[in-house]
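Q: no sequence for this one, just the structure:
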């Protein structure tokens, strides 16, 4: 008799729709997320020590050969938005499989307010230093939400459909172009009510997607101990 331990209600519902017996699916949580949730008990301030607001970009341009149109669109969107936000510090976190050639070719790395993050800076450190995080479809966007950072997902025109469904369920905001990207970014930086509303929406999304936030490993251990004791009797 096997039981599937799902990360959250979202995944449980998906399994049930595919025909899994309800009694064989139990919601426990995602142990790997415990540390992130515990680190984010209190939201970080928007700007620390008088520093300028910053936007962290989770990059994955190693895919640009297979998806040339998408990354041409991405490059244009990023250049336009950076040019229109001189007061924002832009940090680009490269995927382990890519180098910075995309940003050098488009001369994005030459903007004074753009910085390519050093490889030795951890994902958590990069996120914690950011005011807002953006991505096309990097799963690190989920980690940013776990660390209570507002997320913008670039749902660009060259895509055939949304790159991820998170914003549909409250996990971040979509931006279709540079104009929407810039407006969302500016509002998240300047409008505390709007920012808090998005963080609350993201928290509700995470509650449904990842149960027992910060306690998933303990919950799974408790379940295994219960099952062991039940079989021993």
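A: Nice, thanks for sending it over. Keep in mind that what you see is a predicted model, and the values were worked out from it rather than measured. Residues are numbered from 1 along each chain as shown.
Q: list the residues that contact the residue positioned nearest the centre of the chain.
A: Computing the C-alpha centroid of the chain and ranking residues by CA atoms, centre = their mean puts residue 141 first, at 1.2 Å. Counting by CB atoms under 8 Å, 6 or more residues apart in numbering, residue 141 makes contact with 58, 133, 135, 151, 153, 164, 166, 172. In this view, the C-beta of every residue, glycine as well, is placed from N, C-alpha and C.
Q: in a helix, the second one, correct?
A: No - inclusion of residue 133 in a helix is not indicated when DSSP: H, G, I helix; E, B strand; the rest coil is applied; the result is strand.
Q: need the nearest residue in space to it, chain neighbours excluded.
A: Leaving aside its sequence neighbours, residue 133 sits nearest to residue 144 (CB to CB, 6 or more residues apart in numbering; 4.0 Å).
Q: so how far is residue 107 from the one you found?
A: 27 Å (CB to CB, to the nearest Å).
Q: mind jotting down where the helices sit in the protein?
A: 9-17, 34-39, 68-83, 101-105, 123-128, 140-146, 178-190, 192-209, 216-232 (DSSP state H).
Q: which strands and helices sit next to the longest one?
A: Spelled out, that is helix 192-209. Helices and strands touching helix 192-209, by 3 or more CB pairs under 8 Å, 6 or more residues apart in numbering; DSSP states H and E, are helix 9-17, helix 140-146, helix 178-190.
Q: buried set for it?
A: By 16 or more other CB atoms under 10 Å, the buried positions in helix 192-209 come out as 195, 198-199, 201-203, 205-206, 208-209.
Q: mind putting those in TSV, pLDDT and distance to residue 182 included?
A: Formatted as TSV, these follow (pLDDT from 0 to 100; distance: CB to CB, whole Å):
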residue	pLDDT	distance to residue 182
195	96	16
198	97	16
199	96	20
201	98	21
202	97	21
203	96	25
205	97	24
206	97	26
208	96	30
209	97	28
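Q: which one of those residues is nearest residue 4?
A: Ranked by distance to residue 4 (CB to CB), these are led by residue 209 at 15.8 Å.
Q: quick one, what contacts the closest one?
A: 7-11, 142, 169, 171.
Q: just the buried subset of these, please.
A: Using 16+ other CB under 10 Å as the threshold, 7-8, 10-11, 142, 171 are the buried ones among the contacts of residue 209.
Q: as a markdown table, those residues with pLDDT and distance to residue 127 would be great.
A: What follows is the buried ones among the contacts of residue 209, written out as a markdown table (pLDDT from 0 to 100; distance: CB to CB, whole Å):
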| residue | pLDDT | distance to residue 127 |
| --- | --- | --- |
| 7 | 96 | 20 |
| 8 | 97 | 21 |
| 10 | 95 | 22 |
| 11 | 95 | 23 |
| 142 | 97 | 11 |
| 171 | 98 | 15 |
